[in-house]
Each structure stands twice: as structure tokens, then as C-alpha cells.
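> Build me a model:
(one chain, ligands or ions: 1)
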Amino acid sequence: MPASTHLPAISFQSITKRYPTPKGVARGGQAGGGAPTFAALDGVSFDIAQGEFFGLLGPNGAGKTTLISILAGLTRASSGHVTVLGHDVQTDYAAARSLLGVVPQELVFDPFFNVREALRFQSGYFGVKNNEAWIDELLEGLGLAGKANANMRQLSGGMKRRVLVAQALVHKPPVIVLDEPTAGVDVELRQTLWQFVLRLNREGHAVLLTTHYLEEAEALCSRIAMLKQGRVVALERTSELLKSASSHVLRLKIEGELPPELAARARVTGRSVQFPAQDARAIEDYLAAVRAAGVRVDEVEITKADLEDVFIQVMGEQREAA
Ligand SMILES: Nc1ncnc2c1ncn2[C@@H]1O[C@H](COP(=O)(O)OP(=O)(O)OP(=O)(O)O)[C@@H](O)[C@H]1O
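Numbers count the residues shown, from 1 in each chain. All right, here's what the predicted structure looks like:
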């Protein structure tokens, strides 16, 4: 990799982004006495190292896409700086952009090209010549080889997403940004995509991933930042985050409805409920409380906490603190 190794792949330095407050929303304050605004991002700072696989997580509206838009130079921060391998995304845009491969959330494509042409065009945009060998590798690695001559209009949504990934990687960027790349995507594409991205990561490419699939983040990311209402509320190695959570989870399958005070402490998915449980005493207490509420228990399981449990715990703590 050409960049000097001590530089972070990405550095977010005190990023704040203010938007006008939509009518009827009570959130936020006033910037400089003008129209009311709210902070979609509020002093966000963290670095991603070269070669790191980093996860950016947060509920809807937390500010993930806004942060990525600022990184990609599509949106301007109200204050703060972002650098990509030392290049500022505002003052040194061309250099920063050429080091980034951004896979956007939305399916945007040119309907007049076939797949190979779209990739050649994108190579030209980045000034990369004689790129056929890498384009072939992208087509192969992303399961697109059979569609190389298909027009973009004829592709299914999943295939279009593969092309978007290939387009973002066509200039072999050292920093790869994936904004919810697997939303609504089938198992096969997920596996193809992760295999290919993991290969690039092993070869030294840094990856920034946003996803709502926490099991993917847990499996792939070595470090994770959690955003809530524009602020970083957790920034840790994934292994440390998992250790910090309640060590176990009591999972029950129930018949009936939990009383609200118990439901508020559980993760409820239909008939399945899960309680964070530090020790055997907590497990006994939850079981007794469920029984006392007259709710029938059909299945009981005690398992280790996963990233989703941590996420719910961190977001819950933030809610209580607020
Ligand atoms: N152009 C805009 N004008 C005004 N408000 C905006 C604009 N873009 C985003 N927002 C607001 O900023 C906040 C952060 O939005 P953002 O899309 O970054 O969240 P997100 O974490 O990516 O959410 P999701 O998981 O739903 O994609 C939200 O409250 C959103 O409504």
C-alpha cells in the first residue's frame, strides 16, 4: 500500500452536521440565531486504521449515512474535518476521493451501459487505464461473469447491487465504504460479497461498513462504533463490546403477553423473549417474575450474549441517561 502506515485510513475529527429542524419536531436548538436546526451529527470523532474492518452501527436516523456522505464529499460538514489517508475530503477532494471506494445505499446506475461498459467507464472516471484484468477479476469474484454483456436495465435488484460494488472497487481503492450493502439482498449475494470483501481486507484494504444486520457486523468487524442521535455512544473492539455486555441471555418461548414492566427489560420477537442475565440469580428472578405474571413458558434456553444484545443494552442505557 503506498500510503505511510501511521496515517489513519479515515479520520473523523469533531464532525457536526446541522439541518433545519422539520416542522413539528421538537429536537435541537438554534444556530447563530437563525432558523431552528438540529444536529444530525454532533461532534463525531474517531479514526479507522489502515487494513481495519470497522463497523458503524446505529438505529434509523442516528447519522450513519450523513457521516458517509460527508466522507464521500457529497455533503459538507457544518464543522470538523475528515481525512482519507491524510487527504482532507474538502480541501483535497480529488486525492481523497480516488482513495475511496463507496458503495451507496441506493441503486443508481446508467441504463445505457452493459455491465462491462459501466465498469470501463468508471475506470476512465478514475483515470485507470488497461484495467481489463481487474475488471475480469471483479466480474468473477462478484458472480457477475455471466452478466458482463447484459444491459444494466435488464438486471435484477441483487445483480445491480453487485455492479455497484464492482464500480466502487474498480480503481482498487485502499479504503472501502459499504453503506448497508446487504439490505434486502439474498443469502448467495451476501456470501459472495463478504468473501470478496474479506479477501480485499486480508490484502490490506480498510473497510467501513454500516449495517442493521448485527450478526454480520459481529462476524466481520474487528472494531465497532455505535451512533445514537448523532453522537458516538460506544467505540470498542468487537470482542471487548461482547465482554462488556451481560454475559448471558435467558431466551424464553412464551404463550401470552408479558406485563409492560417486564417487556421493557426484554428483547421481544413475537413469542420469543430474551432477558440479559448477569448470573444465575438474575435468571431465577426473571423466571419467577414471568411465572408470577401468569405467562406460560414453553421453552427455556440460556445462551451467550451477542452483538444485538450489546446494541440493545447500549441504546437502552443512552435512553435512560437522556
Ligand atoms: N438532507 C437532509 N435534510 C434534513 N434532514 C436530514 C437530511 N438528511 C438526513 N437528515 C436527518 O438527519 C438524521 C440522520 O439521518 P441519516 O440518514 O444520516 O441516518 P442513518 O443513521 O443513516 O439512518 P438509517 O439507518 O435509517 O439509514 C435524521 O434525523 C434525518 O432525518
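> which residues of the stretch 51-200 of the chain fall in strands?
Taking DSSP state E, counting those that start in this stretch as the test, the strands found in the stretch 51-200 of the chain are 53-57, 79-84, 87-88, 100-103, 175-179.
> Relative to the last one, what are the paired strands and their orientations?
This means strand 175-179. Strand pairing for strand 175-179, determined by DSSP bridges: strand 100-103 (parallel), strand 206-210 (parallel).
> Out of the ones you listed, the one nearest the ligand is which?
Minimum separation from the ligand across the strands paired with strand 175-179 (CB to the nearest ligand atom) falls at strand 206-210, 7.0 Å. C-beta: built from backbone N, CA, C; applies to glycine.
> what's the angle from that closest one to strand 79-84?
Interaxial angle, strand 206-210 versus strand 79-84 (axes from the mean of the first three to the mean of the last three CA atoms, to 10 degrees): 130 degrees.
> From here on, call the first residue 43.
Happy to do that; since the first residue is 43 now, the last one works out to strand 248-252.
> Of the strands paired with strand 217-221, flag the one that's most buried.
The highest mean neighbour count among the strands paired with strand 217-221, using mean count of other CB atoms under 10 Å, belongs to strand 248-252: a mean of 25.
> Can you tell me how far residue 236 is from residue 243?
As judged by CB to CB, to the nearest Å, residue 236 and residue 243 stand 10 Å apart.
> any idea which helix or strand of the protein has the worst average confidence?
Among the helices and strands of the chain, strand 71-72 carries the lowest confidence by mean pLDDT, DSSP states H and E, at a mean of 52.
> after that one, next one along is what?
strand 78-90 (DSSP states H and E).
> partner strands of that following strand, parallel or antiparallel?
By DSSP bridges, strand 78-90 pairs with strand 52-62 (antiparallel), strand 71-72 (antiparallel).
> How about it and the ligand, touching?
Yes: residues of strand 78-90 are located near the ligand by CB under 6 Å from any ligand atom, namely residue 82.
> For that strand, buried residues please.
78-84, 86, 88, 90 (16 or more other CB atoms under 10 Å).
> The most centrally placed residue in the chain pairs with what?
Centroid-nearest residue in the chain, with CA atoms, centre = their mean: residue 252, separated by 0.9 Å. Counting by DSSP bridges, residue 252 is bridged to residue 98, residue 221.
> same thing with residue 294?
Beta-bridge partners, per DSSP bridges, of residue 294: residue 315, residue 342.
> Equivalent analysis for residue 83, please.
Residue 83 has these beta-bridge partners by DSSP bridges: residue 59.
> so it makes contact with residue 272?
Yes: the criterion here is CB atoms under 8 Å, and residue 83 meets it with residue 272 at 4.5 Å.
> Residue 242: what's it in contact with?
Residues counted as contacts of residue 242 (CB atoms under 8 Å, 6 or more residues apart in numbering) are 211, 218, 249.
> Distance check, residue 164 against residue 144.
For residue 164, the distance to residue 144 - CB to CB - is 12 Å.
> likewise residue 192?
In terms of CB to CB, residue 192 sits 24 Å off from residue 144.
> and what of residue 83?
17 Å.
> for residue 344, same thing?
Residue 344 is 42 Å from residue 144, by CB to CB.
> How about the residues of the protein by the ligand?
When proximity is defined by CB under 6 Å from any ligand atom, the chain lies next to the ligand at 61, 82, 100, 102-108.
> and if we set it to 8 Å?
Counting by CB under 8 Å from any ligand atom, the positions of the chain adjacent to the ligand are 59, 61-62, 64, 80, 82-83, 100-111, 117, 147, 221-222, 252, 254, 269, 272.
> Just the buried ones out of the residues you listed, please.
59, 80, 82-83, 100, 104-111, 117, 221-222, 252, 269, 272.
> For stretch 144-160, give the mean pLDDT please.
Averaging pLDDT along stretch 144-160 yields 83.
> Can you list the buried residues in that stretch?
In stretch 144-160, counting by 16+ other CB under 10 Å, buried: 144-146, 151, 155-158, 160.
> Also stretch 230-242?
231, 234-236, 238-239, 242.
> can you pull the contacts of residue 105?
Taking CB under 8 Å, 6+ apart, one finds 59, 82-83, 86, 269, 271-272 in contact with residue 105.
> Do a quick rundown of the helices in this protein.
106-113, 135-140, 157-167, 174-183, 199-211, 229-244, 256-262, 280-286, 302-305, 322-334, 349-363 (DSSP state H).
> one step back: is it possible to get JSON lines of the strands paired with strand 217-221 that adds distance to residue 207?
JSON lines is the format used below for these (distance: least, CB to CB, whole Å):
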{"stretch": "strand 142-145", "distance to residue 207": "5"}
{"stretch": "strand 248-252", "distance to residue 207": "12"}
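> quick one: residue 261 from residue 319, how far?
According to CB to CB, residue 261 and residue 319 sit 24 Å apart.
> what about the two, which has more around it?
residue 319 (22 against 12; other CB atoms under 10 Å).
> what mean pLDDT does stretch 168-186 have?
Rounded mean pLDDT across stretch 168-186 is 93.
> What of stretch 351-364?
Here the average pLDDT along stretch 351-364 is 74.
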